[in-house]
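>>> heads up, no residue letters with this:
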């Protein structure tokens, strides 16, 4: 039985680092969770729609913790132009994130149809930028669309975009269904897929009445979870970790009123690498850990690990996940599986 | 356009009146919500498993509000005997409620297999008692069973019971799926089905992150809701109202912690008849109101409305649903759609 694992340059290819005071709490958690690279989502208020905004945001994040490499993204919106794509690429922006309108946190300005963005995608394909898709369609009772089939219903749009832009690298973010896994498998090498830690753990039963497990996309059936686990166990190179770690103040998570639902998002950053190790081991995929949290994503994004990087060391030690981190004067951020015991810890660098 | 509706003897064929202080708050709400009859669920702590307990509970309810007719039920458990069924019938107990183990509030003592209860069911068939089924199987990841397909997976058990006991009156309680509606339609006249008010209103999207809309069975897809609406619109005589109104203190509904989910249950008693009128009108079924809330259920249970009963009068008046009712020193019970406007009100008797 393995008791020590060394992972070279863990990279989280989907994370929310927020802004303001919350950002100061959660940004250092990337490193604390064992990660060297954060692929940063642009759904702030207001959303990050320009290169200048993205660079300013990157500077803010670096001022909080300079030890992490932040890969920046823009929010797909009508404000975006092909010229801005060229500028973004020149300034090191890596991707553009598409949110369907209204399906998750700060997605009110999201897109309704992709055709209008074809000139943007053409320029992105040309420049080698990555398109990150929140792959859900908005709910619509008239077509029997709800949070449960929103992802499956989106998949034809993914296939269509890939057919139209075969050289454009596309990532289907935070897949939750067998249908999504199978769709990505059948598409070409320019299409990849992120999987979160929490979707490897939970199903619909876990967020029914349990707001701390509520996120978008919602966790689905046990068989869907099995498909996510199986594709990692198989070692498929186009599936990799994107935590979608999405902190909210605890009161926004714990308290629903009859008129306001709780915030959507599960927070995993500060415990991410031990949690993923624990989960992969639970379904016999611990040997895939480095591929899943580093190699596969870095290959797709063409961000190879530095050969002289000190590996992160995981040690088999049982311990409970922290119950919360303070935020502001009277709130906190609560991680996924707060208080629950997992089987791995990050070994402090000084002890190596 | 109808502005006044008279409903003879509304009967709620599935309601939770709780015990202790909570019972004192919610029992009078049956009448306040326009209902003359309450078919009372036995899932107290401890559950009502004997005739004597049921009669004592009935006396308690009558001491709180004597104007309502309480039809009592027993909780199906290994404690129940055929002799107790005979005694129950002699003492006016109407039905026996079956809860699968662990699927909802106070169901820890629920059943795991029906075969062991066949002698009970034979006696019930003989005596003319009604079997009320919470029609869900427990979740099991190994068989891909979760809260979303727990009802559909239960339906073969219903068909099997009906085939084995064709004269036993069985009610599939609080149906939430097209599959359940279609299953009950195909079965014989001794099988009926209750539908709640809230399942005519909400789908899975409404309880995702919104704990006040969380109940068991959970609301399903829009197409499932449509099937519930359609069978009422059609006027099928074996489908009728059972509100499954299930009050909890507000803090148990509003607050989840990482280790405790919120309580399952939606509370509709105090606004039930206006709410059902509002909902039925929303899908063009207002003309079915009396059948749905009185005639169909009373016919199935052989409890005809008294011919000289004063009808309950609904008037078309817009008004907001109360936001809460006080409970204890520092809590409350919060109704479904709290604060939302509906289109009907009960006319006070003195104004008729």
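Cool, got the structure. Source: prediction; values computed, not measured. Numbering: from 1, shown residues only, chains lettered A, B, ... in the order given.
>>> Secondary structure class of residue A:272, three-state.
Of the three states, residue A:272 takes helix according to DSSP: H, G, I helix; E, B strand; the rest coil.
>>> And it, what's its pLDDT?
On pLDDT, residue A:272 comes in at 98.
>>> Surely it is in contact with residue A:37?
No: counting by Cβ atoms under 8 Å, residue A:272 does not reach residue A:37; the two are 11.9 Å apart. Bear in mind the C-beta positions are built from the backbone N, C-alpha and C, glycine included.
>>> who touches both of these two?
A:10, A:12 (Cβ atoms under 8 Å, 6 or more residues apart in numbering or on different chains).
>>> For those two, work out which one has more neighbours and name it.
residue A:272 (28 against 22; other Cβ atoms under 10 Å in any protein chain shown).
>>> And that one, how far from chain B?
17 Å (Cβ to the nearest Cβ, to the nearest Å).
>>> Look up the closest residue to that residue, ignoring the ones flanking it.
residue A:33 (3.6 Å; Cβ to Cβ, 6 or more residues apart in numbering or on different chains).
>>> Can you tell me how far the one you found is from chain B?
According to Cβ to the nearest Cβ, residue A:33 and chain B sit 18 Å apart.
>>> ok, now which ones touch that residue?
Listed by Cβ under 8 Å, 6+ apart, the contact set of residue A:33 reads A:12, A:268-274, A:346.
>>> Tell me the one of these nearest residue A:216?
Using Cβ to Cβ, residue A:268 comes nearest to residue A:216 of these, at 14.9 Å.
>>> If I look at the closest one, what pLDDT would I see?
Looking at residue A:268, its pLDDT is 98.
>>> which one of the contacts of residue A:33 has the most neighbours?
Among the contacts of residue A:33, residue A:12 has the most neighbours (other Cβ under 10 Å), with 33 neighbours.
>>> average pLDDT for the helix or strand hosting it?
Element membership of residue A:12, judged by DSSP states H and E, is strand A:11-15. Averaged across strand A:11-15, the pLDDT comes to 98.
>>> In terms of secondary structure, what does it contact?
Applying 3 or more Cβ pairs under 8 Å, 6 or more residues apart in numbering or on different chains; DSSP states H and E, we find strand A:11-15 packed against strand A:37-40, strand A:239-241, helix A:296-301.
>>> tell me which residues of the longest one are tucked away?
In other words, helix A:296-301. A:296-301 (16 or more other Cβ atoms under 10 Å in any protein chain shown).
>>> try stretch A:180-188
Applying 16+ other Cβ under 10 Å to stretch A:180-188 flags A:180-181, A:183-184, A:187 as buried.
>>> rewinding a little: nearest to residue A:42, of the buried residues of helix A:296-301?
Relative to residue A:42, the closest of the buried residues of helix A:296-301 is residue A:301; by Cβ to Cβ it sits at 16.3 Å.
>>> how close does that closest one get to residue A:189?
13 Å (Cβ to Cβ, to the nearest Å).
>>> Let's verify residue A:74: helix, strand, or coil?
Taking three-state DSSP, the label given to residue A:74 is strand.
>>> Please name the residues that touch it.
Applying Cβ under 8 Å, 6+ apart to residue A:74 gives the contacts A:42, A:48-51, A:54, A:80, A:84, A:88, A:93, A:95-97.
>>> Could you tell me which of these belong to strands?
Among the contacts of residue A:74, DSSP state E puts A:95-97 in strands.
>>> out of those, who's nearest residue A:146?
Of all the ones in strands among the contacts of residue A:74, residue A:146 sits closest to residue A:97, with 23.2 Å by Cβ to Cβ.
>>> Pull the number of nearby residues for that closest one.
So residue A:97, with other Cβ under 10 Å, has 25 neighbours.
>>> and the closest residue in space to it that isn't next to it in sequence, how many neighbours does it have?
Leaving out its chain neighbours, the residue that sits closest to residue A:97 by Cβ to Cβ, 6+ apart is residue A:132, at 4.4 Å. Residues near residue A:132, counting by other Cβ under 10 Å, number 28.
>>> from memory residue A:132 sits against residue A:173, does it?
Yes: counting by Cβ under 8 Å, residue A:173 is a contact partner of residue A:132 at 5.6 Å.
>>> Common neighbours of these two, please.
Common neighbours of residue A:132 and residue A:173 (criterion: Cβ under 8 Å, 6+ apart): A:14, A:97.
>>> Next, the residue nearest to residue A:249 when sequence neighbours are not counted: phi, psi?
Excluding the flanking residues, the one nearest residue A:249 by Cβ to Cβ, 6+ apart is residue A:331, at 4.4 Å. According to degrees, to the nearest 10, the main-chain angles of residue A:331 amount to phi -130, psi -170.
>>> What residues are bridge-paired with residue A:331?
When assigned by DSSP bridges, residue A:331 has beta-bridge partners residue A:327.
>>> Relative to chain B, how far out is it?
Distance, residue A:331 to chain B, by Cβ to the nearest Cβ: 14 Å.
>>> Can you tell me the number of residues neighbouring that residue?
Look at residue A:331: counted by other Cβ under 10 Å, it has 17 neighbours.
>>> Pretty sure residue A:292 sits against residue A:280.
Yes: with contacts counted by Cβ under 8 Å, residue A:292 reaches residue A:280, the gap being 6.8 Å.
>>> Those two: who's more crowded?
Using other Cβ under 10 Å as the criterion, residue A:292 and residue A:280 rank with residue A:292 on top: 26 against 23.
>>> so what's the more buried one up against?
Counting by Cβ under 8 Å, 6+ apart, residue A:292 has contacts A:195, A:232, A:239-241, A:276, A:280, A:285.
>>> Save the residues you listed as JSON lines, and put in pLDDT too.
JSON lines is the format used below for the contacts of residue A:292 (pLDDT from 0 to 100):
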{"residue": "A:195", "pLDDT": "99"}
{"residue": "A:232", "pLDDT": "98"}
{"residue": "A:239", "pLDDT": "99"}
{"residue": "A:240", "pLDDT": "99"}
{"residue": "A:241", "pLDDT": "99"}
{"residue": "A:276", "pLDDT": "98"}
{"residue": "A:280", "pLDDT": "98"}
{"residue": "A:285", "pLDDT": "98"}
